[in-house]
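Student: Let me see the structure of the following:
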Amino acid sequence: MYLNCHTYYSMRYGAFSEIELLQLAQENHVTQLVLTDINNTSACLNFVRKAEEFGVRPILGIDFRNGAEQCYVGIAKNNKGYQELNSFLSEYLHLDKEFPPIAPKFDDAYIVYPFEKVLLNDQNTFAPHEYVGVSITDLRRLPFSRLMACKDKLVVQQPVTFRNKRDFNAHRLLRAIDNNVLLSMLPKSEVAHEDEKMFPIQNLAAAFSEYSFILENTEQLLRLCSINFDFSEGRRPQNLSTYTGTREEDERLIQKLCDEGLPYRYPDGGNIIMERLEKELKLIKKMGFVSYFLINWDIVSEARKRGFFYVGRGSGANSIVAYLLRITDVDPIELDLYFERFINLYRANPPDFDIDFSWKDRPAMTEYIFERFKNVALLGTYVTFKEKGVVRELGKVFGLPKSEIDFLSGGRYQVSKLDEVSQLVLKYGRLIKGLPNYLSIHAGGILISERPLHYFSATHLPPKGFATTQFDMVIAEDVGLYKFDILGQRGLGKIKEAMEIVAYNRPSEFTALDIHNIKKFKTDPQINDLIKTAQCMGCFYVESPAMRMLLKKLEVDNYLGLVAASSIIRPGVAKSGMMREYILRHRNEGRAEKQAHPVMLNIMPDTYGVMVYQEDVIKVAHYFADLTLGEADVLRRGMSGKFRSREEFQKVKDKFIENCRKKGYAETLIFEIWNQVASFAGYAFAKGHSASYAVESYQSLFLRAYFPLEYMVAVLNNGGGFYRSEFYIHEARMLGATIHPPCINKSLIINYILEKDIYLGYMYLKEMESRVMERILKERQQNGCFVSLEDFLDRVPISIEQASILIRIDAFRFTQINKHRLLWKAHLLLSKGTVMDHPKLFPPKHQNFKIPQLHTTDLETAFEQLELLGFSLCSPFELLTTPPKNKNGSKDLNRYLGKHIDIYGYLVTVKNTTTHHGKQMHFATLVDQWGEVFDTVLFPPVAAKYFFRGKGIYRFYGKVVTEFGFLSIEVVKMQKQDYIQDPRYAEIKTSAKLFERAVPRNIHSGDE
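Tutor: Model prediction:
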């Protein structure tokens, strides 16, 4: 009898989940109902999946609304009708237009118009598929309405939006957030009626007892509707079933492609390779995954045609077929990759392929996929209300000033000391925390379906411009839709651009360069030495302080060591305490035999009996606890956070423990191994995944070793990496580059290198308009370099504000005229506020203004750079009020080992973390006076006393310690050092003193 039910996927309107709706139906003895979220179908598939458990026959529909105003409710007669409704909704969502007052004719869906709307629209006739909905509230007006004459068209439309007063309060808050108004100013028209509740079915029947024909009409409508999706374990995948059109042709094609790939990948052949290939192909064909492989092959083949760099990773990298098809660059034979992690007979879903493209190339590849295949959509995801977001939103709704909202968001308060309104914000925040806020896009998931995607849900059109499903990855897998992961990363952009820079800056060396010669890179001593000494700034996945520390502790100097390190750094290994144990076993021969259980050591001899990779979970479950491969895969997936059936997971856990007891293992050992598995599995990489990362790391390390300056420019042009841009500029300087501020005649929007001179791009000038940058480059390209300020102003339409930025950053230094004089000139030549949008046809005659003699100090230049670029090109140590009292640096740490050191450092990055007891501590990386990096740790007692207060130079006093050869300073005390007063705004007396002060090395970063 309930034709109009909402969940919290009626975004910023509904207050409870689809599961809670089913629970509500069960409590009220409702055995069939229609889920009709507002302009949304996110809950539909899971509603159908779970309905049987609650004894409910599910029916699907959509509540079509313009804002809060209800137009009509569409109810699907069957799956075709559901697809019709989804297509209709999607069209209006994509075009962002309002729904018409009268719905179109649907072949397999019903339309229910609200009683009030029918009267307002003056509707008198109704098509066979159209009805009029009457709520309990409408019953008072029904006897006096002309609609009493349409007896066969009246149905019960009692909306369900709330369970209780709490839900209604949450709804009002959500509506205020959606309308961006104070709660007190929320219009009544934006809020649902408080009686939009579900009543026991007998109560609803009693309310309509005088109008039994309405109940009969409603019952008949519901009886004519049914919906079905297959969620069974043996369900058929819903992905595109064939690539060529027939299964036989697909199988012939994949065999042909593998045969063609053999001489490229394995020129020497071998029985092991052929046996592995035969085994894989047999299983891939049996599981029906041939088209999945061929679609991935199609995507990467197109990328190679376009000259796009890509990396194939994920569990699919364990496959020799993927290697032969060039989906991945990881040799599973060389690495002894575990085939069963990639695919097994018990696994319903295809293997996981993540294909990374450069962030610049990914949009083009996404567009290609949408054009190449018929039924394509991006995979959706839900952004929920998080604690800080809730406080900010409700703070506005309750009218709190920004300062108080900021204070509450910080979380450092005592509830008892807060005022009444702030306490209300926290109290009511609990009502909406965790509810969906809006639809978004999965990081890289694309669905390529056999059926139109509207068979499963409506789609919306986010800013990226590609149709996106209204459901997420988990329910997609439940219904048999498996995503293709097409991801963007900056690491590949850096490699690709570095190659382009080498091509113009060192053309003679470029011709012999093969970035795909990974076998050669793996044995290159210069590259391996960079890894061993952790000189990896800017290099993919190996540049962070944590990775730098791990590489030194493990003394990694080869590819296999880097593969292991790429997985060991993941949270799971560290959390289980096995990272430290792995390092100990690696460094101390014989420790593994003493510490590891023989079975564990036998299963994982290469990693000293320590679980490092995702497939290790399967190995341990299978060999240590005698679980089947299918059960072991359930265990792995169950710990990943992507799994649905917790009951199934619990059964596998119980069997793991029971089997171990049967094998006679001690209870302490059983639970020690189980805890390792539990803390590890959800955060680990597949070995093939780590190996793919290591390949990309080696490519970037090769460029870092042999073309360091070109690579650093590419890093900067692709948005940097783990650190701020200024540290990559610093690294380039340490590697021998001369850094120049932006220049009118040499710079581009991005950074540009000429031999060893790096000209910073206009992109660093925070207030510089992109259209001005483009004008400068276009004019310079068409008519040559600028010869003077006057020449520049005659040729480039520019405002005085924009011209001032260029002059202040010294972009006209080629004129050898003091920039203060240039600023005077610019102000005299440009009328404030007027900018011609085209160059002047004839060069005007300029007056020869008499301008006084002016001077610029190096300190002023440094502070101009700080303001305009965000960093200075001189050493920050030159800007201290009091120069450093010692010359200690990173080079001295060995000498001070076990002793206390007094040292100055410019802050690079801080990692804030907590101990097991919840106390705060910090790890900080800094650069010393000589430009070298060193590391510090502030344990909780020190961290409670001293705080990092943003960028700048800090003086530390602490003990130099070593752990596995990695040196760091355990800080005892710390003090931030003051910079001198900005000379541009200092008092005259101070300015005179600063003008006289000699500023030593590195202030000038090179003149042309």
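
Student: next structured bit after the longest strand anywhere in the chain?
Tutor: When secondary structure is assigned using DSSP state E, the longest strand within the chain turns out to be strand 900-914. Stepping forward along the backbone from strand 900-914, the first helix or strand reached (DSSP states H and E) is strand 920-927.

Student: Counting by contacts, list what the helix or strand just after that following strand packs against.
Tutor: The C-terminal neighbour of strand 920-927 among helices and strands, as given by DSSP H and E, is strand 933-938. For strand 933-938, the elements it packs on are strand 900-914, strand 920-927, strand 966-976, judged by 3 or more Cβ pairs under 8 Å, 6 or more residues apart in numbering; DSSP states H and E. C-betas here are computed from N, CA, C, even on glycine.

Student: Show me where the stretch 501-650 of the chain has its strands.
Tutor: Taking DSSP state E, counting those that start in this stretch as the test, none of the stretch 501-650 of the chain falls into strands.

Student: quick one: low-confidence parts of it?
Tutor: Applying pLDDT under 70 to the stretch 501-650 of the chain picks out residues 572-576, 638-648.

Student: which residues in it form helices?
Tutor: For the stretch 501-650 of the chain, the helices defined by DSSP state H, counting those that start in this stretch cover 507-510, 518-522, 525-532, 545-554, 559-568, 571-575, 578-587, 591-595, 598-603, 614-619, 629-638, 646-662.

Student: At the geometric centre of the chain, which residue sits there?
Tutor: Centroid check for the chain by Cα atoms, centre = their mean gives residue 443 as the closest residue, at 5.5 Å.

Student: Counting by contacts, list what the helix or strand harbouring that one packs against.
Tutor: In this structure, residue 443 is located in strand 436-448 according to DSSP H and E. Under the contact definition 3+ Cβ pairs under 8 Å, 6+ apart, strand 436-448 sits against helix 362-372, strand 376-384, strand 468-469, helix 473-478, strand 484-489.

Student: could you redo the last one with a cut-off of 6 Å?
Tutor: Other helices and strands packing on strand 436-448, by 3 or more Cβ pairs under 6 Å, 6 or more residues apart in numbering; DSSP states H and E, are strand 376-384, strand 484-489.

Student: now the angle from it to strand 376-384?
Tutor: Per axes from the mean of the first three to the mean of the last three Cα atoms, to 10 degrees, the angle that strand 436-448 makes with strand 376-384 is 160 degrees.

Student: The residue lying closest to residue 622 once chain neighbours are set aside: neighbouring residues, count only.
Tutor: With sequence-adjacent residues excluded and distances taken as Cβ to Cβ, 6 or more residues apart in numbering, residue 622 is closest to residue 632, at 4.8 Å. Each residue near residue 632 was counted by other Cβ atoms under 10 Å, and the total is 26.

Student: next one: residue 734
Tutor: Residue 734: 16 surrounding residues under other Cβ under 10 Å.

Student: Same check on residue 976?
Tutor: Other residues within reach of residue 976, judged by other Cβ under 10 Å, total 16.

Student: so it bridges to which residues?
Tutor: In this structure, residue 976 bridges to residue 954 when assessed by DSSP bridges.

Student: Touching, it and residue 954? I think so.
Tutor: Yes - under the criterion of Cβ atoms under 6 Å, residue 976 lies in contact with residue 954, with a separation of 5.4 Å.

Student: any chance of the helices and strands packed on strand 933-938 in a markdown table, plus distance to residue 519 and mean pLDDT?
Tutor: Formatted as a markdown table, the entries for these read as follows, by distance: least, Cβ to Cβ, whole Å; pLDDT from 0 to 100:
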| stretch | distance to residue 519 | mean pLDDT |
| --- | --- | --- |
| strand 900-914 | 34 | 95 |
| strand 920-927 | 34 | 95 |
| strand 966-976 | 30 | 96 |
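
Student: Report the separation between the closest residue to residue 817 other than its chain neighbours and residue 857.
Tutor: When the adjacent residues along the chain are set aside, residue 817 lies closest to residue 789, with 7.5 Å between them (Cβ to Cβ, 6+ apart). Counting by Cβ to Cβ, to the nearest Å, the gap from residue 789 to residue 857 is 21 Å.

Student: Verify the contact between the residue nearest to residue 817 and residue 824 for me.
Tutor: No - using Cβ under 6 Å as the test, residue 789 is too far from residue 824 to be in contact (10.5 Å).

Student: Make sure residue 251 is indeed in a helix.
Tutor: Yes - assessed by DSSP: H, G, I helix; E, B strand; the rest coil, residue 251 belongs to a helix.

Student: residue contacts, residue 747?
Tutor: 759, 761 (Cβ atoms under 6 Å, 6 or more residues apart in numbering).

Student: List phi and psi for it.
Tutor: In terms of degrees, to the nearest 10, the main-chain angles of residue 747 are phi -80, psi 160.

Student: List the contacts of residue 541.
Tutor: Residues touching residue 541, when contacts are defined by Cβ under 6 Å, 6+ apart, comprise 693, 697.

Student: Let me see the contact set for residue 46.
Tutor: Applying Cβ under 6 Å, 6+ apart to residue 46 gives the contacts 18, 475.

Student: gap between residue 419 and residue 401?
Tutor: Remark: distance between residue 419 and residue 401 (Cβ to Cβ) = 12 Å.

Student: do the same with residue 358
Tutor: Using Cβ to Cβ, which is the criterion applied here, residue 358 is 45 Å from residue 401.

Student: More neighbours: which of those two?
Tutor: A direct count of neighbours by other Cβ under 10 Å for residue 358 and residue 401 places residue 358 higher, at 23 against 9.

Student: what is the more buried one paired to in the beta sheet?
Tutor: residue 489.

Student: my guess is the residue nearest to residue 622 meets residue 623, correct?
Tutor: No - between residue 632 and residue 623 there is no contact under Cβ under 6 Å: 9.3 Å.

Student: Tell me where the model's unsure across this protein.
Tutor: Filtered on pLDDT under 70, the chain yields the residue ranges 338-348, 572-576, 638-648, 680-683, 831-856, 986-1008.

Student: Stretch 886-900: which residues count as buried?
Tutor: Of the residues in stretch 886-900, those scored as buried under the neighbour-count criterion (16 or more other Cβ atoms under 10 Å) are 888, 889, 890, 892, 893, 896.

Student: same deal with stretch 774-783?
Tutor: Applying a neighbour-count criterion of 16+ other Cβ under 10 Å, one finds 775, 776, 779, 780 buried in stretch 774-783.

Student: do the same with stretch 505-513
Tutor: Buried residues in stretch 505-513, defined by neighbour count with 16+ other Cβ under 10 Å: 505, 506, 510.

Student: and of the residues you listed, the nearest to residue 950?
Tutor: Out of the buried residues of stretch 505-513, the one with the shortest distance to residue 950 is residue 505. That distance is 35.9 Å, counting by Cβ to Cβ.
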